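**Student:** Sequence and predicted structure, then a few things I'm wondering about:
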Amino acid sequence: MDRETRALAEKHFRGLGARLPDGVCGPPGRVDFIEKPDAFSYADFFKGYLLPNVPCVFSSAFTEGWGSRKHWVTPDGKPDLDYLLRKRHGCTCCQLRSAGIQRQPQGAHAPQRVHQLLERVHPGKLFLSQGLPLPQRLAPVQPMCGSLHRDTSVEDVYSLPVYFSSDWLNEYWDAINVDDYRFIYMGPTGTWSPFHADIFRSFSWSVNICGRKKWLLFPPGQEEALRDCHGSLPYDVTSPTLLDVRLHPACARCSPPLEVTQEAGEMLFVPSGWHHQVHNLVIMKSCTGINYKEFYHFLKVIAERRILTLAKEMGAGTVGSVGDSRLGTQQAAFDVSRITEVLASLVANRDFQRVDTSTFSLQPEELLQQLEEVVTATAAL
């Protein structure tokens, strides 16, 4: 992030005044398609899409160098299942689930090996992200999926796009070496992920290695009109039950979703708080809960890393990258300012004030003071 972009970002959030928008906006008329990597900078993405919180699609040119696109796909655009098994990707744990069934049988989510998933489907009958029909013997279990966890360093499976370098959630999980939110999904035609928004209402990005997906996107606030008379969100926004005004009395006020068809190699940016349902993709990973202690620790880890970034770069007198994050001084300073606002809100939260923080290595008020000092010190950068 350069200085001009940081100034624009800070002005944007000051203008929000920490308030949610009063109105509910309908989806934009279209989704922009970004074609050429060389002509699209980080600042372009930040100003044009991240701050306005609108989606966009990056062309396959942004991912053409990925190892997964080179090695995992046959010349005719199908998944090379033999290659995946031969290269021992089958040794990585995954989960099998039925994506279109609300109540799934016991054991449906049990971790399995990738080869167990692949061997249940006849070669050539499965797509990454979208597939061909399952064999008849699997017909009762309509959607199957596997999520490939961690260690994607082999073969340079993918490279992190610079646009998503400041990824607090995965950076936190990497730092504590527990889990992450990076997944590879496989599934046949007809599989889909239920209506949801991503954990913490964070932004996300998704790339098709092969196949096609249809996304149904709803901007923040639109989902409220889809709630039923009991206050619950729908599991499937394509269900005819939404036409029942007794069950969904406010549904008529909801704008039609923004539909995006994602082709092979393309990368979709899903903005913060956008609820979505994805067809021909397998089920999303269940969002695990996080308590106040964990959330504070999450903020603390990212805060300390950003402070270290600023200390190193300001000490060296240059603006460069630290480690593999490719974060510059302006991005680190902006992140610190946002973490400071979030932490200040957390410290003032009554529920958080009831949490026993005596065992914390650094008290929240002390961390907040440190962050405020850093914000002041970097204001002139």
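**Tutor:** All right, it came through fine. No experiment lies behind these values; they were computed from the predicted model shown. Residues are numbered from 1 along each chain as shown.
**Student:** residue ranges with poor pLDDT in this protein?
**Tutor:** Within the chain, the stretches with pLDDT under 70 are 17-26, 87-155, 179-180, 187, 281-290, 315-326.
**Student:** the longest helix in it is where?
**Tutor:** helix 292-316 (DSSP state H).
**Student:** Can you name the next helix or strand after it?
**Tutor:** The helix or strand immediately downstream of helix 292-316 is helix 329-347, counting by DSSP states H and E.
**Student:** Point out the other elements, helices or strands, that that following helix touches.
**Tutor:** helix 3-16, helix 292-316, helix 364-378 (3 or more Cβ pairs under 8 Å, 6 or more residues apart in numbering; DSSP states H and E). In this view, the C-beta of every residue, glycine as well, is placed from N, C-alpha and C.
**Student:** list the buried ones in the longest helix of the chain?
**Tutor:** The neighbour-count check on helix 292-316 (16 or more other Cβ atoms under 10 Å) flags 292, 295-303, 305-307, 309-310, 313-314 as buried.
**Student:** relative to helix 329-347, how tilted is that helix?
**Tutor:** The directions of helix 292-316 and helix 329-347 differ by 150 degrees, with axes from the mean of the first three to the mean of the last three Cα atoms, to 10 degrees as the criterion.
**Student:** quick one: helix 292-316 to chain centroid distance?
**Tutor:** 21 Å (Cα atoms, centre = their mean, to the nearest Å).
**Student:** what sits up against it?
**Tutor:** Residues outside helix 292-316 that contact it (Cβ atoms under 8 Å, 6 or more residues apart in numbering) are 168-169, 171-172, 175-176, 290, 319-320, 322, 325, 327-329, 332-333, 335-336, 339, 342-343, 346, 349, 351-352, 355, 357, 360, 362, 364, 367, 370-371, 374, 378.
**Student:** how about the residue lying closest to Tyr163 once chain neighbours are set aside, secondary structure?
**Tutor:** In space, and not counting its chain neighbours, Tyr163 is closest to Phe45: 4.5 Å by Cβ to Cβ, 6 or more residues apart in numbering. Here Phe45 is recorded as helix under DSSP: H, G, I helix; E, B strand; the rest coil.
**Student:** who are the neighbours in contact with Phe45?
**Tutor:** Ile34, Cys56, Tyr163, Phe269.
**Student:** what does Thr261 give?
**Tutor:** Neighbouring residues of Thr261 by Cβ under 8 Å, 6+ apart: Arg212, Lys213, Lys214, Trp215.
**Student:** Might one say that the second one is in contact with Val278?
**Tutor:** This points to Lys213. Yes. In this structure Lys213 lies within contact range of Val278 using Cβ atoms under 8 Å: 5.7 Å.
**Student:** can you map out the strands along the protein?
**Tutor:** 32-34, 56-58, 93-95, 111-113, 127-128, 146-147, 185-187, 192-196, 204-207, 213-218, 258-262, 267-270, 275-279 (DSSP state E).
**Student:** Any idea which of the ones you listed gets closest to Val157?
**Tutor:** strand 204-207 (10.8 Å; Cβ to Cβ).
**Student:** Against Tyr163, how distant is the residue lying closest to Val278 once chain neighbours are set aside?
**Tutor:** Spatial nearest neighbour of Val278, excluding adjacent residues (Cβ to Cβ, 6+ apart): Ser193 at 4.6 Å. Ser193 is 23 Å from Tyr163, where distance means Cβ to Cβ, to the nearest Å.
**Student:** nearest spatial neighbour of Gln353, skipping sequence neighbours?
**Tutor:** In space, Gln353 is closest to Val347, 7.8 Å off (Cβ to Cβ, 6+ apart).
**Student:** Just to check, the one you found is in contact with Glu365?
**Tutor:** Yes. Here Val347 reaches Glu365: they are 6.4 Å apart, a contact under Cβ under 8 Å.
**Student:** I'd like to check which residues are in contact with Phe35.
**Tutor:** Careful, residue 35 is Glu and not Phe. Ser59, Ala61.
**Student:** For the residue nearest to Gln353, list the residues it contacts.
**Tutor:** Taking Cβ under 8 Å, 6+ apart as the definition, contacts of Val347 comprise Gln353, Pro364, Glu365, Leu368.
**Student:** Same check on Trp72?
**Tutor:** Trp72 touches Pro79, Asp80, Tyr83, Leu84, Leu128, Ile209, Cys210, counting by Cβ under 8 Å, 6+ apart.
**Student:** Fine by me, we can end here.
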